[in-house]
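Peer 1: the following comprises the amino acid sequence and a computationally predicted model.
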Amino acid sequence: MKASLIIRSMAALTASCLALAACGSSAKQSGSATSGKTVTIGVSFDLLNAIRQAEKAAIEKAAKTAGYDVVFTVADKDPQKQSSQIQDLIQTRKVSAVIVIAQDGQQIASSVSLAKARNVPFIAIDRAIADQQDVTFQITGDPSADGRLSAAEFSSAAKTEPLKVLELVGALTDQNAIGRRDGFNAALKGDPNVTIVSQVPTNWDPAQALDGTSNALQKNPDINAIFVPSDFLLPSVQSALTSANRLAPIGDPKHVFLVTIDGDQNGCEAMRAKTLDADIATPVDEFGRQAVSAITTALGGKAVNPRTVQTRGLTLNQAGFAATSPQVWGCVA
């Protein structure tokens with residue numbers, strides 16, 4: 001009787017162990033399926049110029065390291081097109097998260113709301129979103145600081161020769177443009193050796209930048225310095241200077257002192273040609289790395305902290321350009 005009871009107890013214990021093993025195996029397979037799900041990041045850019053190419057490469061590099069796929073779209077500076085593209089990424093392509101450079105920081109609000117409703121992490125980079133309440137994470141440059149860094153280059157150069165400056169201004173719907181303008185102007189206020197003789201609105205339009213620069217050079221031929229708030233506009237400025245027979249390398253009496261912001265391929269080439277005195281380079285690698293890291297955190301069910309980050313640019317002038325690794329900014333061989 002006792003032996004029979006022992007046998008029945010051992011049989012029950014064996015059955016229980018087998019059941020637990022089966023449950024454990026089932027849970028493991030279920031967990032594996034979840035962790036093995038392909039993560040796809042939908043990326044929506046406002047346009048695709050030289051600095052955006054560098055930002056795109058940074059995202060792709062970080063995504064590849066994390067094992068994520070990327071679907072890329074460009075809105076061609078059309079906020080309605082961008083809204084439709086983001087809707088397609090979320091509703092049709094079922095992406096796991098989106099990284100967005102908004103064409104319009106106000107109008108992007110509907111896309112942010114859609115992402116929240118579908119539980120899709122929304123990551124904003126480069127350009128600040130007006131209403132950040134439902135943005136999962138945002139990383140941008142520090143436009144005011146970049147404007148001040150640019151101004152420091154003008155103040156330094158003006159100690160040798162007083163500067164009469166043409167200041168280009170980007171689109172006033174863009175916080176980057178406003179911050180760069182305000183930081184630049186505030187830092188130069190009261191500097192007796194720097195005079196801003198003309199401000200030219202460009203709306204981030206190369207044609208407007210070309211016309212505005214050409215007209216300013218004709219109206220004020222004593223202009224000897226230009227602040228270009230983005231390398232995107234640098235080719236337009238160079239064209240205007242060439243037409244005025246004033247595009248010359250540093251050291252030439254005709255040289256016009258130039259400082260830009262972004263650090264893309266346009267700026268890189270001008271630095272190498274020594275027609276550009278300094279470029280405040282945007283840390284695009286950091287944008288990509290932190291954006292993808294935030295996605296990993298959010299998809300893991302954790303809150304991203306901090307939710308907003310600003311990274312100031314790196315001043316690259318002729319004195320330090322040769323010693324700076326091109327990978328630090330958007331300058332590639």
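Peer 2: Here it is on my side, so go on. Numbers count the residues shown, from 1 in each chain.
Peer 1: quick check: residue 72 touching residue 56?
Peer 2: Yes - between residue 72 and residue 56 there is a contact at 6.7 Å, judged by Cβ atoms under 8 Å. The way it works is simple: take the backbone N, C-alpha and C, and place the C-beta from them, glycine included.
Peer 1: which one's more surrounded, those two?
Peer 2: residue 56 (20 against 15; other Cβ atoms under 10 Å).
Peer 1: surely the more buried one is in a helix?
Peer 2: Yes - checked against DSSP: H, G, I helix; E, B strand; the rest coil, residue 56 lies within a helix.
Peer 1: surely it meets residue 74?
Peer 2: No - the criterion here is Cβ under 8 Å, and residue 56 misses it with residue 74 at 9.3 Å.
Peer 1: now for the two: what residues contact both?
Peer 2: Residues touching both residue 56 and residue 74 by Cβ atoms under 8 Å, 6 or more residues apart in numbering: 45, 48.
Peer 1: for the spatially most central residue of the chain, grab phi and psi.
Peer 2: Residue closest to the mean C-alpha point of the chain, counted by Cα atoms, centre = their mean, is residue 126 at 3.2 Å. Main-chain dihedrals, residue 126, degrees, to the nearest 10: phi 70, psi -50.
Peer 1: which residues touch the residue nearest to it when sequence neighbours are not counted?
Peer 2: Once flanking residues are discounted, residue 126 sits nearest to residue 101: 4.7 Å by Cβ to Cβ, 6 or more residues apart in numbering. By Cβ under 8 Å, 6+ apart, residue 101 lies in contact with 44, 45, 46, 52, 55, 124, 125, 126, 127.
Peer 1: can you put the residues you listed in a markdown table and add secondary structure, distance to residue 264 and pLDDT?
Peer 2: What follows is the contacts of residue 101, written out as a markdown table (DSSP: H, G, I helix; E, B strand; the rest coil; distance: Cβ to Cβ, whole Å; pLDDT from 0 to 100):
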| residue | secondary structure | distance to residue 264 | pLDDT |
| --- | --- | --- | --- |
| 44 | strand | 20 | 98 |
| 45 | strand | 14 | 98 |
| 46 | coil | 15 | 96 |
| 52 | helix | 8 | 92 |
| 55 | helix | 9 | 93 |
| 124 | strand | 20 | 98 |
| 125 | strand | 15 | 97 |
| 126 | strand | 12 | 94 |
| 127 | coil | 15 | 92 |
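Peer 1: which stretches in this protein count as helices?
Peer 2: 2-35, 50-66, 79-87, 109-117, 143-158, 175-188, 206-219, 234-243, 265-273, 284-299, 318-321 (DSSP state H).
Peer 1: ok, of the ones you listed, where does mean pLDDT dip lowest?
Peer 2: Note on the helices of the chain: helix 2-35 shows the lowest mean pLDDT, a mean of 35.
Peer 1: find the nearest non-adjacent residue to residue 159, please.
Peer 2: Closest to residue 159 by Cβ to Cβ, 6+ apart is residue 193, at 6.6 Å.
Peer 1: how near is the one you found to residue 143?
Peer 2: For residue 193, the distance to residue 143 equals 24 Å [Cβ to Cβ, to the nearest Å].
Peer 1: between those two, tell me which one has more neighbours.
Peer 2: residue 143 (27 against 15).
Peer 1: please name the nearest non-neighbouring residue to the more buried one.
Peer 2: That would be residue 179: by Cβ to Cβ, 6+ apart, it lies 2.7 Å from residue 143.
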